[in-house]
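J.: Based on what follows, work out the 3D shape:
(4 chains)
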Number of protein chains: 2
Amino acid sequence: MSRMPRWPADSRARLADAALDLFSQRGYSAVTVDDIADRAGVTARTFFRQFRDKEEVLFAEDDLLLPSLLATIAEPTGPVAAEPLMARALGALAERMQSAHEPLRRRQAIIDSDVALMGRELAKQARWQQAISAALAERGFDPADAGLLAAIGFALFRRELHAWLADPSIDATPLPERIRAALPSVRTVLDAATTH
Amino acid sequence: MSRMPRWPADSRARLADAALDLFSQRGYSAVTVDDIADRAGVTARTFFRQFRDKEEVLFAEDDLLLPSLLATIAEPTGPVAAEPLMARALGALAERMQSAHEPLRRRQAIIDSDVALMGRELAKQARWQQAISAALAERGFDPADAGLLAAIGFALFRRELHAWLADPSIDATPLPERIRAALPSVRTVLDAATTH
DNA sequence: TCCAGTTATGACAGATCCTGACATCAACTC
DNA sequence: GAGTTGATGTCAGGATCTGTCATAACTGGA
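T.: The predicted model follows:
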């Protein structure tokens, strides 16, 4: 019994935690991969075996959320219009993020502080958008519409997510509620006008 | 007379040309900064004095377009609704890109081949979006609307730009015309529905 | 029991990216 | 013609990321 692994397990999780802590304390660019590896008790080579590059340690978790989002979109429910489907899919995604307000907040602060990280986040979201667009087309939407729908949904989701993360109060309006409340505004925004 | 500069002029332009050629031939990641500098007849250090990093050489020109786009938005024309204003601003931007179909096509092919470049492009567009949103707010739009408007405008512009670049025929539908034709679709897309 | 295969890691060399510091030299200014 | 400016070269060095091989725990079967 008493299996003694040669090294403590979960080096991946320890690296991710160490990275988030150090980035928060000193700022992304002031932290080297060696720093992260040291704090996690491994070498830099192990870091790069777990994460493609220094940036990826902040985004690896995201990949766990996409499949369930796609599943929600694909759920067979008979004919459905774009708006209620978006409400259901984005609402479900928001539910799953609801419990992680504080970690998400720290992470977003780091990303917002570095242009390259911002780019990485947007690139990842673009691939999500692509996948969602494909899922919408699969369900029978016109492909051209599907792309625009996915783009609009994401723009709206991003806006509400940032507003939610920026709100420090513990009993702020929950994210899913924000999303559902914001959806109708897309309809009216094109008719907005200036006074000068 | 006969001023003999110590070095040939326009090292920046020669570097940009060399980079585009080499990236097209061998692929972005297979080309080193030394390769680019060699072909341009300078050293790598000069490359980094002209461009912040290896990626920037593909995006530097973009910065010339933003000011005129903002100027179009700010043009005082009396009260105006969002949709015609977007049509005018995006149309004018499309006009200025119209003549550069082939270079833009090559550039986009390189960007699409590399995730990091995609991220850089999206980050740059996000900053544009931010600036445009601010310009819209400055003109009197509700700030929340302005952000969503800018996002929708960009999503639409990107879609049409990619379609235009993907069309190899010389007398394809011109970009400005595509943009203006696509704008109304935003209104109807939320009412699209599936049949299953 | 013993041995071969698997797996996670360490160790090390090296390519590439990017920066800081200083030197060089034509062109310009006075 | 002396001094200044500006674009470039040269060099050292840190950080990121990869390839390769060695090591030691674990695993499964002879």
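J.: Show me which residues of chain A are close to DNA strand C?
T.: A:7, A:11, A:41, A:42, A:43, A:45, A:46, A:49, A:50 (Cβ under 7 Å from any atom of the strand). For every residue, glycine as well, the C-beta is placed using N, CA and C.
J.: The same query, at a cut-off of 6 Å, please.
T.: A:7, A:11, A:42, A:43, A:45, A:46, A:49 (Cβ under 6 Å from any atom of the strand).
J.: For burial, what's the neighbour tally of the residue lying closest to residue A:194 once chain neighbours are set aside?
T.: Nearest residue to residue A:194, sequence neighbours excluded (Cβ to Cβ, 6 or more residues apart in numbering or on different chains): residue B:140, at 3.7 Å. For residue B:140, the count of nearby residues is 14 (other Cβ atoms under 10 Å in any protein chain shown).
J.: where's the residue positioned nearest the centre of chain A relative to chain B, distance?
T.: Chain A has residue A:62 as the residue nearest its centroid, 5.4 Å off, counting by Cα atoms, centre = their mean. Going from residue A:62 to chain B by Cβ to the nearest Cβ, to the nearest Å gives 14 Å.
J.: on that earlier part again, now the residues of chain A next to DNA strand C in CSV, with neighbour count and distance to residue A:118?
T.: Compiled in CSV, the residues of chain A next to DNA strand C are given as follows (neighbours: other Cβ atoms under 10 Å in any protein chain shown; distance: Cβ to Cβ, whole Å):
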residue, neighbour count, distance to residue A:118
A:7, 10, 35
A:11, 17, 28
A:42, 20, 28
A:43, 13, 29
A:45, 9, 28
A:46, 16, 27
A:49, 12, 26
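J.: Tabulate those residues (CSV), appending pLDDT and secondary structure.
T.: Output for these, formatted as CSV (pLDDT from 0 to 100; DSSP: H, G, I helix; E, B strand; the rest coil):
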residue, pLDDT, secondary structure
A:7, 63, coil
A:11, 94, helix
A:42, 96, coil
A:43, 97, coil
A:45, 98, helix
A:46, 97, helix
A:49, 97, helix
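J.: Now name the helix or strand holding the spatially closest residue to residue A:151 that is not a sequence neighbour.
T.: In space, residue A:151 comes closest to residue B:155 once its chain neighbours are excluded; the distance is 3.5 Å by Cβ to Cβ, 6+ apart. According to DSSP states H and E, residue B:155 maps onto helix B:143-166.
J.: quick one: buried residues of that helix?
T.: B:144-161, B:164-165 (16 or more other Cβ atoms under 10 Å in any protein chain shown).
J.: Also stretch A:32-50?
T.: Using 16+ other Cβ under 10 Å as the test for burial, stretch A:32-50 gives A:33, A:35, A:36, A:37, A:39, A:40, A:42, A:46, A:47, A:50.
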